[in-house]
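J.: would you be able to build a 3D model of this:
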Amino acid sequence: MGVIISLYEKWTPNLPIIQPFYIVKSNPGPALLGALAALGSNFDCASNGEIEAIMVLGVSPDRIVFANLCKAGSHIKYAARVGVNLTTFDSREELDKMQMWHLKCKLLTRIKPPLECKDVRELITKFGALNEEVLPLLRSTKGLGLNVVGVAFHIGSAAKDSRAYREAIATTKAIFRRINSSWNA
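T.: Numbers count the residues shown, from 1 in each chain. Reported below is the predicted structural model:
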């Protein structure tokens, strides 16, 4: 646990505008979660049980992202009730659920990492919107009255090469350019 704390303490002064979110399901041990909470970490929760486990530690709901791309309605309602107002989406179905049960939630568009990221090919087939799906999804959010505040991607713990991150960031940058050039089209 000392290594994790040391890495977290190095992160903050060196990358102050990039806020990491610890993925609770990767190691939900109470001692680790408590230490990260005390350091001021943000948390990535995939269920109402994970949200509850983090909030019991005194973590404010604004430090939690509900990052499940196939959310149960009861979990969305729970997140809304306890004030978790940030989530990820990669499909129209998730947008419809958010409009129905948590309209004030801020959204992050989850994108697929580029195929060139060989370390993440297994994730490619599972989660995230394809590059060509992003603009139609964003247009849908406008019509549904939803608020998109950013983009998210997940490289995964299998990534051994930093190029995976560079490529995913480059893809994100290209998406932002496309949004800027065609949003009002």
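
J.: what sits against Arg63?
T.: Shown in contact with Arg63 (CB atoms under 8 Å, 6 or more residues apart in numbering): 40-43. C-beta coordinates here come from the backbone N, C-alpha and C atoms, glycine included.

J.: any stretches of the protein with poor pLDDT?
T.: Within the chain, the ranges that satisfy pLDDT under 70 run 115-126, 157-159, 183-185.

J.: and the strands in it?
T.: 21-23, 42-45, 64-66, 86-89, 106-110, 147-152 (DSSP state E).

J.: the last one: which residues count as buried?
T.: By neighbour count, and taking 16 or more other CB atoms under 10 Å as the criterion, the buried residues in strand 147-152 are 148, 151-152.

J.: then stretch 38-57?
T.: Result for stretch 38-57 [16+ other CB under 10 Å]: buried residues 41-48, 50-51, 53-55.

J.: out of those, flag the one nearest to Val134.
T.: Among these, Asp44 lies closest to Val134 (CB to CB), at 20.8 Å.

J.: please tell me how far the closest one sits from Pro28.
T.: 12 Å (CB to CB, to the nearest Å).

J.: got it, and Glu133?
T.: Between Glu133 and Pro28 the computed distance is 32 Å (CB to CB).

J.: make sure Glu94 is actually in contact with Asn68.
T.: No - look at Glu94 against Asn68 with CB atoms under 8 Å: they stay out of range, at 9.1 Å.

J.: can the buried residues of strand 147-152 go into JSON lines with extra columns for distance to Ile64?
T.: Output for the buried residues of strand 147-152, formatted as JSON lines (distance: CB to CB, whole Å):
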{"residue": "Val148", "distance to Ile64": "18"}
{"residue": "Val151", "distance to Ile64": "18"}
{"residue": "Ala152", "distance to Ile64": "14"}
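
J.: re the thing from before, among the strands of the chain, which is nearest Thr12?
T.: Comparison of the strands of the chain against Thr12 by CB to CB identifies strand 42-45 as nearest, at 11.6 Å.
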